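Enquirer: A predicted structure for the sequence below; I have some questions about it.
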Amino acid sequence: NLIINTTSGFLQGYEIKYNNISDKNINNYNGNEDKTDDNDKYINENISIIYSWRGVPYATPPVNKLRWKPSLPYKPDININTKEIVSCEHFGDQCVQPDGSGNENCLYLNIYKNSNTNSNIKKRSKPLLPVLFYIHGGSLMEGNGNEDMLDMVSNKHTNNNEEIMIVQINYRLNIFGFLTSKELSNTNINTNINTDTDVARDHSDSNNSDSTGSSGNYGFYDQVLALQWVHDNIQQFGGDPHSVTIMGQSSGGTSVFALLSMPSIKGLFHGAISLSGSPNITMTLEESIIQNEPIIMQTQCKFDPSNISNISDISDSNSTNRNTNFNSKYPDANAADSEFIYISDIDVVTCMQNLSTQVLVDLIPSAWSTPGIWDLPANPTGQHLSGLAIIDGVLIPNLSPSTVKTSTTQYQSPLQFRDVPMLIGNMGYESNAWPERDVSHYTLEEWNDLLIDNFKDWIDGDSIANTIYQLYESDAIVNPQKALDSF
């Protein structure tokens, strides 16, 4: 019976047939192909039956008044007199990507386990399965958790008593998951995160005076809420809520470090694996707000007292997507000699929450993209790169630093990490994810000019270019292509 009763309702799971050898989803396999005497043995050894629950809602959709708010637990619309069953055959939408694809209603997770785990229960030392909670990468800008990780729950592992359950999640990204501003900070109410209570109180009322004075890190709030959902529900699927290991790659690995630094969520996970993640979360809320001010100004939801002329740009025609018609509300705003009109924080946030998804996508700073010499973005706002994950003082507090030690090095992080068993590693081809660029014919001077040109719009761009040149100078002397490949 793959119908599971959860806090998100009754969830209908599905079977996936998976070929361990070819690494393919073979739901069209019917057992009639290639009949041989060893067919049953082949199927047993090489064809895995995976139970899956895809597109499980774990949070209230973060739209309208919940855009740029800490995520709230999902509350199914259930008639107590009926048993409404939610089909979990297909993935939920991915979160909004930098190219505008995806959906803001995206807070779904996916669960997988091998069908053999039920029959093997007597063989295991513990009846419940350990849970691997996977966080996808993508620079906190892009990516999704909608990729079947079937190999890790295939027969080749269950037959060797290496049984686990996998949970993958989607979480808010880029401008929807990590924007900060003074106005957002002043209108975000206090969010209590406690494993013994609800993860968050209802904060749909922007007028609530119980302000955190903080904003940003909404994608991390999503990850915490997904962990809370797992804690509350995974036992219904046969998973152990007291044996949850978080694992992430790239920015998913950075998310692991962020979660390790949150003292308020103790008990939601018990081990951690960071692959190519960075513990270097150093930007403060205050620095991030200053960096993001150009974004807020470009929304035209706010008047800039240093540039009163931009008030005239707020007209009836381009305020149709906004909740407030500023011209009618502030009739003197267009007067050439008018004084600066103060718009309340609530008005600014309400206006921003009513902007279309695409308008906000178009405002994503190029500086937020991961740099690469193949196509380094211009940075007209003068922003630094690392302005997404921040020390917000609430979810990620500014406590005493920790020393991250490996077998060969140690790193002083500004975060204070919780002491849980942890593995730290890297992806062998982490930097080879983008298209090749041929610079093999470049001279050393042309190579240096390329670096200078690509970093010229960045703060301290000349210094950055010079540092990179010196770091890879020995490779560039052999051939600039070698320097690029090393970089």
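Expert: Received, thanks.

Enquirer: where exactly do the strands run in the stretch 151-300 of the chain?
Expert: 165-169, 239-249, 271-275 (DSSP state E, counting those that start in this stretch).

Enquirer: please save the CA atoms from the longest one in CSV.
Expert: Spelled out, that is strand 239-249. Output of strand 239-249 as CSV, limited to C-alpha atoms (Å, rounded to 0.1, in the frame of the first residue of the first chain):
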residue,chain,number,x,y,z
GLY,A,239,12.4,6.2,7.4
ASP,A,240,14.1,7.0,10.7
PRO,A,241,13.6,10.7,11.8
HIS,A,242,16.5,10.3,14.2
SER,A,243,18.9,9.2,11.5
VAL,A,244,18.8,12.0,8.9
THR,A,245,22.0,13.0,7.0
ILE,A,246,22.0,16.2,5.0
MET,A,247,24.1,16.2,1.8
GLY,A,248,24.6,18.9,-0.8
GLN,A,249,26.8,19.6,-3.8
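
Enquirer: run through the stretch 101-250 of the chain and note the low-pLDDT ranges.
Expert: Within the stretch 101-250 of the chain, the set of residues satisfying pLDDT under 70 comprises 117-126, 157-161, 189-212.

Enquirer: and the helices in it?
Expert: Using DSSP state H, counting those that start in this stretch, the helices found in the stretch 101-250 of the chain span residues 116-119, 155-158, 174-178, 182-187, 218-233.

Enquirer: and the last one, what does it pack against?
Expert: Based on contacts counted as 3 or more C-beta pairs under 8 Å, 6 or more residues apart in numbering; DSSP states H and E, the elements that helix 218-233 packs against are strand 108-114, strand 129-135, strand 165-169, helix 174-178, strand 239-249, helix 251-260. To be clear about C-beta, it is placed using only N, CA and C from the backbone, and glycine gets the same treatment.

Enquirer: that older thread, nearest to residue 264, of the helices of the stretch 101-250 of the chain?
Expert: Nearest to residue 264, of all the helices of the stretch 101-250 of the chain, is helix 218-233, at 8.5 Å by C-beta to C-beta.

Enquirer: just want the angle from the closest one to helix 251-260.
Expert: 70 degrees (axes from the mean of the first three to the mean of the last three C-alpha atoms, to 10 degrees).

Enquirer: you'd agree residue 454 is in a strand?
Expert: No. Counting by DSSP: H, G, I helix; E, B strand; the rest coil, residue 454 is not found in a strand; it is helix.

Enquirer: thought it was touching residue 465?
Expert: Yes. Assessed by C-beta atoms under 8 Å, residue 454 is found in contact with residue 465 at 7.5 Å.

Enquirer: next one: the nearest residue to residue 391 once chain neighbours are set aside from residue 281, what distance?
Expert: Nearest residue to residue 391 in three dimensions, chain neighbours excluded: residue 398, at 5.0 Å (C-beta to C-beta, 6 or more residues apart in numbering). Residue 398 sits 11 Å away from residue 281, taking C-beta to C-beta, to the nearest Å as the criterion.

Enquirer: compare those two (neighbour count), which wins?
Expert: Neighbours were counted for residue 398 and for residue 281 using other C-beta atoms under 10 Å; residue 281 has more, 19 against 14.

Enquirer: measure that one to residue 391 for me?
Expert: 6 Å.

Enquirer: can you check residue 60 too?
Expert: Taken as C-beta to C-beta, the span from residue 60 to residue 391 is 27 Å.

Enquirer: assumed residue 462 was part of a helix.
Expert: Yes. Assignment of residue 462 by three-state DSSP places it within a helix.

Enquirer: what's it in contact with, if anything?
Expert: 452, 455-456 (C-beta atoms under 8 Å, 6 or more residues apart in numbering).

Enquirer: I'd say residue 5 and residue 236 touch.
Expert: Yes. Counting by C-beta under 8 Å, residue 5 does reach residue 236; the two are 6.3 Å apart.

Enquirer: residue 60 and residue 391 - which one has more neighbours?
Expert: residue 391 (25 against 19).

Enquirer: over to stretch 244-253 now: how far is its first residue from its last?
Expert: This stretch, stretch 244-253, spans 16 Å end to end (C-alpha to C-alpha, to the nearest Å).

Enquirer: so which residues make contact with it?
Expert: With C-beta under 8 Å, 6+ apart as the criterion, stretch 244-253 contacts 130-141, 143, 227, 230-231, 234, 254-256, 259, 268-278, 389, 427, 430.

Enquirer: would TSV of the helices of the stretch 101-250 of the chain with distance to residue 166 be doable?
Expert: Below are the helices of the stretch 101-250 of the chain laid out as TSV (distance: least, C-beta to C-beta, whole Å):
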stretch	distance to residue 166
helix 116-119	12
helix 155-158	11
helix 174-178	23
helix 182-187	34
helix 218-233	11
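
Enquirer: looking at the ones you listed, which is nearest to residue 442?
Expert: Taking the helices of the stretch 101-250 of the chain one by one with C-beta to C-beta, helix 174-178 is closest: 32.8 Å.

Enquirer: who's in contact with the closest one?
Expert: For helix 174-178, contacts defined as C-beta under 8 Å, 6+ apart pick out 62, 67-68, 95-98, 104, 140-142, 171-172, 216-219, 222, 295, 360-361, 363-364, 368, 387-390.

Enquirer: now swap in stretch 56-65 and tell me
Expert: So stretch 56-65 is contacted by 6, 8, 11, 66, 69, 71-76, 86, 88, 92, 104-105, 107-111, 169, 172, 176, 204, 206, 218, 222, 225-226, 229, 353-354 (C-beta under 8 Å, 6+ apart).

Enquirer: list the buried residues of that stretch.
Expert: 56-62 (16 or more other C-beta atoms under 10 Å).

Enquirer: I'd like those as CSV, with distance to residue 287, pLDDT and secondary structure appended.
Expert: Listed next are these as CSV, based on distance: C-beta to C-beta, whole Å; pLDDT from 0 to 100; DSSP: H, G, I helix; E, B strand; the rest coil:
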residue, distance to residue 287, pLDDT, secondary structure
56, 36, 97, strand
57, 35, 97, strand
58, 31, 98, coil
59, 28, 97, strand
60, 30, 96, coil
61, 31, 97, coil
62, 25, 97, coil
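
Enquirer: with respect to residue 182, which of those is nearest?
Expert: residue 62 (20.7 Å).

Enquirer: could you pull up phi and psi at that closest one?
Expert: When read as degrees, to the nearest 10, the backbone of residue 62 gives phi -80, psi 60.

Enquirer: name the helix or strand for the residue nearest to residue 391, please.
Expert: Under the criterion DSSP states H and E, no helix or strand holds residue 398.

Enquirer: quick one: pLDDT of it?
Expert: Among the per-residue scores, residue 398 holds a pLDDT of 72.

Enquirer: for it, give its distance to residue 214.
Expert: In this structure, residue 398 and residue 214 are 11 Å apart, going by C-beta to C-beta.

Enquirer: repeat that for residue 75.
Expert: Distance, residue 75 to residue 214, using C-beta to C-beta: 25 Å.

Enquirer: show me which of these two is the more surrounded one.
Expert: Using other C-beta under 10 Å, the more surrounded residue of residue 75 and residue 214 is residue 214, with 22 against 13.

Enquirer: assess the claim that the more buried one and residue 286 are in contact.
Expert: No. Counting by C-beta under 8 Å, residue 214 does not reach residue 286; the two are 10.5 Å apart.

Enquirer: surely residue 77 is within a helix?
Expert: No. Judged by three-state DSSP, residue 77 forms no part of a helix; its state is coil.

Enquirer: mind checking pLDDT for it?
Expert: Value for residue 77, per-residue pLDDT: 77.

Enquirer: what's around it, how many residues?
Expert: 6.

Enquirer: and if you look at residue 419?
Expert: The local packing of residue 419 (other C-beta under 10 Å) involves 7 other residues.
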